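J.: Here you go, sequence then predicted model.
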Amino acid sequence: MDELGKIKRSIQNIKGKTSAPLFVVQVEKVNGATCNVNYDGCSLSDVRLRSVINGNAEQILITPKVNSYVLVTDLSGGNLTDLAILAYSEIEKINIKIGETTVDVNNTGIVFNGGQLDGMVQVVKMVEWMNKVYTDLQKLMALLAVIAVAPNPATGALEGKAVFTPTTPLPILADFKNDKVKH
């Protein structure tokens, strides 16, 4: 038997061993990591929003909108006692937790790690503004270089020039851009 035949046979064996009933239901109420659904006029409770509920471990929790439809599987093999959602017609929010990193997504935006840093910088606009500040500093340095600032004690005439040496380098986008997060 060739490789493709072996793969097809393996998939057929897996499918035969793991087939679970699938059905579409309407979400009535969401309760944390579970929800209540309506299945053909019957209310079913404690339907898992994900197949494994494991406390505070790494997780992705997708919360469906109330009154939306979800595809549910029966992990109990037809007893309707261990149900889990597989697909969603509408999503209210998504919460992701991996180690100490969290991401919360809903229709108002995305919040990383609780939002303690007050938002994200629009890097291109920030660098454009910083370039203007840099240009202003260069102009200020040139203007100060021609202004006499110290009076000569003997004559009273202004002598010497103002010295201003900015230490701000020209801002470059690559110095501020974080390629791991894109907006």
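T.: Here it is on my side, so go on. Numbers count the residues shown, from 1 in each chain.

J.: Is L140 in a helix, a strand, or coil?
T.: Using DSSP: H, G, I helix; E, B strand; the rest coil, the structure places L140 in helix.

J.: Nearest spatial neighbour of it, chain-adjacent residues omitted?
T.: With Cβ to Cβ, 6 or more residues apart in numbering as the measure, F164 is the residue that lies nearest to L140, at 6.4 Å, once sequence neighbours are left out. No exception for glycine: its C-beta is placed from N, CA and C like everyone else's.

J.: check contacts around that neighbour.
T.: By Cβ atoms under 8 Å, 6 or more residues apart in numbering, F164 lies in contact with L140, M141, L144, A145.

J.: how about stretch 104-116: buried residues?
T.: Burial within stretch 104-116, assessed by neighbour count using 16 or more other Cβ atoms under 10 Å, is assigned to D104.

J.: Convert the C-alpha atoms of that stretch to PDB, please.
T.: As requested, the backbone C-alpha atoms of stretch 104-116 are provided in PDB (Å, rounded to 0.1, in the frame of the first residue of the first chain):
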ATOM      1  CA  ASP A 104      -8.900  40.100  25.400                       C
ATOM      2  CA  VAL A 105     -10.800  40.800  22.100                       C
ATOM      3  CA  ASN A 106     -14.300  42.200  21.800                       C
ATOM      4  CA  ASN A 107     -16.100  44.600  19.500                       C
ATOM      5  CA  THR A 108     -14.500  47.600  21.300                       C
ATOM      6  CA  GLY A 109     -10.900  46.500  20.700                       C
ATOM      7  CA  ILE A 110      -8.000  44.400  21.900                       C
ATOM      8  CA  VAL A 111      -6.500  44.600  25.300                       C
ATOM      9  CA  PHE A 112      -3.000  43.100  26.000                       C
ATOM     10  CA  ASN A 113      -2.000  42.000  29.500                       C
ATOM     11  CA  GLY A 114      -4.800  44.000  31.200                       C
ATOM     12  CA  GLY A 115      -4.000  47.300  29.400                       C
ATOM     13  CA  GLN A 116      -1.600  48.600  32.100                       C
END
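
J.: and A84, how many neighbours?
T.: For A84, the tally of surrounding residues (other Cβ atoms under 10 Å) stands at 19.

J.: mind listing what it touches?
T.: Going by Cβ under 8 Å, 6+ apart, A84 touches V47, R48, L49, R50, S51, V72, T73, L75.

J.: just those: which has the poorest pLDDT?
T.: Minimum pLDDT across the contacts of A84 is recorded for S51, with 79.

J.: unless I'm mixing things up, it is touching L75, no?
T.: Yes - here S51 lies in contact with L75, judged by Cβ atoms under 8 Å, at a distance of 7.1 Å.
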